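Colleague: What follows is a protein structure lacking sequence information:
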């Protein structure tokens, strides 16, 4: 056996040994208990975020109920006209607000720099609404509920590549739990026999839903970028301008005959007003929630909208009840909590912020990251934490 003698030990090793200090016991912090961790997750910000998402779901529920009454009870199949009313309201409120502004935030100044980008975004938003509503004529409600979830992976991928958002394992687990909740809801539909919307061209309807969900994902990611780096009023004003213009053209070409068939009375007028109010509220409020959270978190919150519609249908349309509906609701909420319990961060790449707006154009809000700034961690609750710069590898 070989033994070391003190003379054989290098001097730097002796130095390492002599510099070790004992940590005083009072400086050691105990690890947080389970209760403390739960309180840290279920804080005021999380509860407020969940509540805001459910407000959006309730607005979508109102949109669905008014559309169902118009189509089933009054045979008013006018999806383009219904969207046109919403875009007109956006034009009257937000586009006119931009028109009366002064300086670089004026409507003409914005159009001069970015008109064609907003034109494309307006067309995407119009056709997303149209394709999903049109799909109900060809496929089942169950298929629409399942395939409409395709918007979530679309938003995740687009956020990763274009907004440079980086996710953790818990975010993907939360998304998976939410989709599991949708699976429970669809299973409940099958058990109680809710197969409304059967048509002769089911494959066509399924493809329409997938196309509409893809366009929704593109629109939501663009909306997130604009409201976080430019202005909420600018986004809504441009949607009102180009949305009313192109949906008006589409209405005149495709739906003017259907509109003439509508038997107008106070009930139909009330339903159109209710639909427009819910749609306008959704468009006006969604940018607020997206700026606070993200497009992904908002789309996960909207998964509960179908459940609210089902609960209303128990009283209004005599739907059959299943305990799986309640189970699916709690599973979706659990997935939302998991997703919101951890933070995401934005990988630094200043080129992203030059893709949409002019490099020389002024910003109405300070960009969240810049070429010389550290990257910012965004929690799902909108909190910001500075970290070391992260450079995206091209």
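Modeller: Happy to help now that I have it. Bear in mind that the values here come from a model prediction, so they are computed numbers and not experimental data.
Colleague: So for stretch 112-131, what gets flagged as buried?
Modeller: Buried positions in stretch 112-131, judged by neighbour count with 16 or more other CB atoms under 10 Å: 114, 118-119, 121-131. C-beta coordinates here come from the backbone N, C-alpha and C atoms, glycine included.
Colleague: Put together JSON lines for the residues you listed, with pLDDT on each row.
Modeller: Formatted as JSON lines, the buried residues of stretch 112-131 follow (pLDDT from 0 to 100):
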{"residue": "114", "pLDDT": "90"}
{"residue": "118", "pLDDT": "94"}
{"residue": "119", "pLDDT": "95"}
{"residue": "121", "pLDDT": "95"}
{"residue": "122", "pLDDT": "93"}
{"residue": "123", "pLDDT": "94"}
{"residue": "124", "pLDDT": "95"}
{"residue": "125", "pLDDT": "93"}
{"residue": "126", "pLDDT": "92"}
{"residue": "127", "pLDDT": "92"}
{"residue": "128", "pLDDT": "92"}
{"residue": "129", "pLDDT": "87"}
{"residue": "130", "pLDDT": "87"}
{"residue": "131", "pLDDT": "88"}
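Colleague: Pick out whichever of these sits closest to residue 174.
Modeller: Residue 174 has its nearest neighbour among these in residue 128, at 24.4 Å by CB to CB.
Colleague: just so I have it, where are all the helices in the stretch 251-394 of the chain?
Modeller: For the stretch 251-394 of the chain, applying DSSP state H, counting those that start in this stretch gives helices covering 256-261, 266-292, 295-301, 305-316, 323-340.
Colleague: hang on, residue 170 packs against residue 342?
Modeller: Yes - using CB atoms under 8 Å, residue 170 is in contact with residue 342, at 4.6 Å.
Colleague: was I right about residue 97 contacting residue 237?
Modeller: Yes - counting by CB under 8 Å, residue 97 sits close enough to residue 237 to count as a contact (6.4 Å).
Colleague: Between those two, which has more neighbouring residues?
Modeller: Using other CB atoms under 10 Å, the more surrounded residue of residue 97 and residue 237 is residue 237, with 24 against 16.
Colleague: Secondary structure element for that one, which one?
Modeller: Assigned by DSSP states H and E, residue 237 belongs to helix 232-250.
Colleague: ditto for residue 154
Modeller: Residue 154 belongs to helix 151-161 when assigned by DSSP H and E.
Colleague: same thing with residue 134?
Modeller: Under the assignment here (DSSP H and E), residue 134 is part of helix 107-135.
Colleague: Residue 173 and residue 338 touch, don't they?
Modeller: Yes - using CB under 8 Å, residue 173 makes contact with residue 338 at a distance of 5.7 Å.
Colleague: list residues touching both of those two?
Modeller: Residues touching both residue 173 and residue 338 (CB atoms under 8 Å, 6 or more residues apart in numbering): none.
Colleague: Who has more neighbours out of the two?
Modeller: The neighbour comparison of residue 173 against residue 338 (other CB under 10 Å) goes to residue 338, with 21 against 15.
Colleague: Run through the residues that contact the more buried one.
Modeller: Going by CB under 8 Å, 6+ apart, residue 338 touches 170, 173-174, 177.
Colleague: Of the residues you listed, which is the nearest to residue 218?
Modeller: Within the contacts of residue 338, the smallest distance to residue 218 is 22.4 Å, found for residue 174 (CB to CB).
Colleague: isn't the closest one right up against residue 300?
Modeller: Yes - applying CB under 8 Å as the test, residue 174 and residue 300 come out as touching, 7.3 Å apart.
Colleague: Mind listing the shared neighbours of these two?
Modeller: Common contacts of residue 174 and residue 300 (CB under 8 Å, 6+ apart): 335-336, 339.
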